[in-house]
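Asker: here's a sequence, model it:
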Amino acid sequence: MHNVGIIGMGAISKYYLKGLKASNCLELKAICDTNPDFASRPLFKDYPFYEDYLEMIENEGLDYVIISTPPKSHYEIALNSMKRGVNVIIEKPAVLNMKEYDDLLKYASDHDLIFEVSYHWQNGAEVIEFNKHYDACKISEIHIHVDDPYSDDGIHINDEKIKLEGAFIDSGVNALSLINLWLPFEQISIHRVDTIKCPKTGLPIYAFVELVIDGVLSTIEVDWRNGINNKESYVIYEGRRIDIKHSLQRIIDGDEIMDCKQMERLETHYYNYFKNYQEGEIKKQQSYRIHSVLFEVVRRYL
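Answerer: The predicted model follows:
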């Protein structure tokens, strides 16, 4: 078993616990956050708490860190952790530009370390079931829609969500990781990028992106304006529409409805990710391509 520490105890961190307990190779040893009063602390009462992640690494003899802090901090934390010989699992997006991504990937390769991005959408119960029952080669269109309740007035991004860097960076990477389960990302063209930006921050509060990936029309729409939390996709498969209701963990194929729910949606994502995690099974090229497309879209709307 490898000793693991979590850096960043925000809203997502509570979902790690069940998955790490079920892992056959990762064992949680300690946690770290700059805020000692984070909301989920009672769930982690049995683990040593640190406010300094470097102190945690030194004291706990960690083999891995899981980085779950705001994206702007990822590069520094990941690099400092790897410089101390620690493997890194990092929340998406890994960083905010390709130079930083290249630097971290090279450092990991040069020092025989793991640098892996966690794409939690790929581990949804409904996604796993879809992949069991359908042949990705028969998909001719992919359409993904995301609503997140990150604006109170439909105009401005809520202050506590500004750190997510806008609608597309936060959710576009999830959508791209889903598409990458079905398409290899060998040929990509970006046909359209539309955004509505928050007047205060200049970050997109809404984004619509149309791509053609390996000959398949793919659209991603992310909307933070409506005060709702809903994720859904549909694909055109052998000429018919199949709906994937991510928030409901359900697949609808005509009259056939497949309910896939195991547990709460995000809990399912991280449970499946950590339970099935195998050291060394890192899809470096796929992750690199996901980030390349992500940042090319961002370049278009800056």
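Asker: and residue 144, backbone torsions?
Answerer: Main-chain torsions, residue 144, degrees, to the nearest 10: phi -120, psi 130.
Asker: show me what contacts it?
Answerer: Residues near residue 144 by CB atoms under 8 Å, 6 or more residues apart in numbering: 175, 178, 179, 218, 219, 220, 221, 232, 233. Quick note: C-beta positions are derived from backbone N, CA and C, even for glycine.
Asker: restricted to buried residues, select those residues in PyMOL.
Answerer: In PyMOL, a selection of the buried entries from the contacts of residue 144 looks like this (16 or more other CB atoms under 10 Å):
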select buried, resi 175+178+179+218+219+220+221+232+233
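Asker: strands - which of the contacts of residue 144 land there?
Answerer: Among the contacts of residue 144, the ones falling in strands (DSSP state E) are 218, 219, 220, 221, 232, 233.
Asker: from residue 78, how far off is the fifth one?
Answerer: Right, residue 232. Per CB to CB, to the nearest Å, residue 232 is found 32 Å from residue 78.
Asker: hang on, the earlier thing: ok, the contacts of residue 144 vs residue 85, which is closest?
Answerer: Of all the contacts of residue 144, residue 85 sits closest to residue 178, with 33.2 Å by CB to CB.
Asker: what is the burial count for the residue nearest to that closest one when sequence neighbours are not counted?
Answerer: Spatially, and ignoring its direct neighbours in sequence, residue 178 is nearest to residue 121 (5.1 Å; CB to CB, 6 or more residues apart in numbering). Here the count is done by other CB atoms under 10 Å, and residue 121 has 23 residues near it.
Asker: confirm residue 244 sits in a helix?
Answerer: No - applying DSSP: H, G, I helix; E, B strand; the rest coil, one finds residue 244 to be strand, outside a helix.
Asker: next one: it from residue 106, what distance?
Answerer: In this view, residue 244 and residue 106 are 36 Å apart by CB to CB.
Asker: show me which of the two is the more surrounded one.
Answerer: Between residue 244 and residue 106, counting by other CB under 10 Å, residue 244 is the more crowded of the two (26 against 11).
Asker: for that one, which residues are in contact?
Answerer: Contacts for residue 244 were tallied using CB under 8 Å, 6+ apart; they are 126, 127, 130, 232, 233, 234, 235, 250, 251.
Asker: and stretch 154-162, which residues are buried?
Answerer: Under the neighbour-count criterion of 16+ other CB under 10 Å, stretch 154-162 has 156, 157, 161, 162 buried.
Asker: can you pull out the strands in the stretch 1-150 of the chain?
Answerer: Assigned by DSSP state E, counting those that start in this stretch, the strands in the stretch 1-150 of the chain fall at 2-7, 26-32, 49-50, 64-67, 87-91, 115-118, 139-147.
Asker: leaving out chain neighbours, which residue sits closest to residue 20?
Answerer: residue 28 (4.7 Å).
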